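In: Predicted model, plus sequence, below.
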Amino acid sequence: MSLNARIANIQGQDRMAIVVETARPKVNLTLAIRGRRADGYHELASLVAFADGPVDRITLDTGAAPGITVTGPFANAIEGENLLQRVLDRIAPHLRGGSPGQVTLSKHLPVAAGVGGGSADAAALMRAIRRAHPDADPHVDWPALALSLGADVPVCVASTATWMTGIGETLSAVAALPPLPAVLVNPLCTVPADKTARVFRALAAPLLDDAKPPLPPPTIRETVPAQIAELTRYRNDLTAAATTVVPAIDNVLAALEASDGCRLARLSGAGPTAFGLFEDRAAAEAAAAVLRSQHPGWWIAATVLG
């Protein structure tokens, strides 16, 4: 091997890396649908927070052959086009060598659940690629690429409390949201493949009125009880429509509302995952334990939103 070839080989080895990123579940603390645009998209205003667990994990091995492997308890629930493959297809042309590497997704979040699991996975892969490939084309418009993958992907890239408007592309970071103890509940029922489209059809939102003033975000309070009280002034506009598509949502919300210490129960996104807010982590853990005993077939997780 020539000296130049040996140097190139060493440099290539130096660029090899294994990068791990977590994909945190997204929770819509509030969700207002402002109207339907002429292009069919719906404009929204939503205070979004992210749970500290459970999480999906993306592992990117830049030294391994290209490919995607999915493991974990919800691996078999992924059907149809893999959003991770779309990320790879769109980013690969901008990378030196053309391949980000081997991707492994450890899937611990329910699929089509209303917590942005697929979007969070795509966002985590984008973050991993940027870390592992700092020499990527500097002209890549990463925010536009994220939005092209789905309306929830941009907010999941940041993965921090955010006031989200437009169709999901206008993001304003929310500082000092107090950590909110919560319980996430998903009934693990059969969900139509076109669930979100059905929910929006059932909603039958009117055409967007451009003259309507923008909605202000909820006020950020200093304490958990005060923040929960503030959030009770808001709602999720998709709840009634989502319940017509997935009737089990009613049972989930009722179970959360009946939980000792639950101060607010609400649907996240188009569901069927709902969340309950509690004043402290111990109360959330206790409620989750009771719910697991009452509903052993449900996915239930005590967590903190922030």
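Out: Perfect, I can see it now.
In: can you map out the helices along the stretch 51-200 of the chain?
Out: Per DSSP state H, counting those that start in this stretch, the stretch 51-200 of the chain carries helices over the ranges 83-91, 117-132, 142-149, 153-158, 195-203.
In: so which of these gets nearest residue 260?
Out: Among these, helix 117-132 comes nearest to residue 260, with 28.5 Å by CB to CB. Using the backbone N, CA and C atoms, a C-beta is placed for each residue, glycine as well.
In: if I look at the residue positioned nearest the centre of the chain, how far off is residue 99?
Out: Nearest to the mean C-alpha position of the chain, counting by CA atoms, centre = their mean, stands residue 116 at 2.8 Å. According to CB to CB, to the nearest Å, residue 116 and residue 99 sit 27 Å apart.
In: and what of residue 182?
Out: For residue 182, the distance to residue 99 - CB to CB - is 39 Å.
In: Among these two, which residue is more densely surrounded?
Out: Per other CB atoms under 10 Å, whichever of residue 182 and residue 99 has more neighbours is residue 182, with 28 against 16.
In: What residues are bridge-paired with the more buried one?
Out: Beta bridges link residue 182 to residue 277, residue 303, judged by DSSP bridges.
In: any idea how far it is from residue 244?
Out: For residue 182, the distance to residue 244 - CB to CB - is 25 Å.
In: Residues touching stretch 209-221, excluding its own?
Out: Here stretch 209-221 makes contact (CB atoms under 8 Å, 6 or more residues apart in numbering) with 29-30, 32, 34-35, 45, 47, 163, 165, 172, 174-178, 227, 229-231, 233-234.
In: centre of the chain versus that stretch, how much separation?
Out: Its chain's C-alpha centre and that of stretch 209-221 lie 22 Å apart, by CA atoms, centre = their mean, to the nearest Å.
In: From the opening residue of that stretch to its closing one, how far?
Out: End-to-end distance for stretch 209-221: 31 Å, by CA to CA, to the nearest Å.
In: and that stretch, which residues are buried?
Out: 217, 218, 220, 221 (16 or more other CB atoms under 10 Å).
In: any idea how far the first one is from residue 172?
Out: The one in question is residue 217. For residue 217, the distance to residue 172 (CB to CB) stands at 7 Å.
In: repeat for the last one
Out: Applying CB to CB, one obtains 17 Å for the distance of residue 221 from residue 172.
In: which of the buried residues of stretch 209-221 sit farthest apart?
Out: For the buried residues of stretch 209-221, with distances taken as CB to CB, the pair at the greatest spread is 217 and 221 (12.3 Å).
In: which non-adjacent residue is nearest residue 30?
Out: residue 234 (3.8 Å; CB to CB, 6 or more residues apart in numbering).
In: burial of that neighbour, as a residue count?
Out: Residues near residue 234, counting by other CB under 10 Å: 19.
In: which residues touch it?
Out: Residues in contact with residue 234 (CB under 8 Å, 6+ apart) are 29, 30, 32, 47, 218.
In: one more time with 10 Å
Out: 29, 30, 31, 32, 45, 46, 47, 215, 217, 218, 264, 266 (CB atoms under 10 Å, 6 or more residues apart in numbering).
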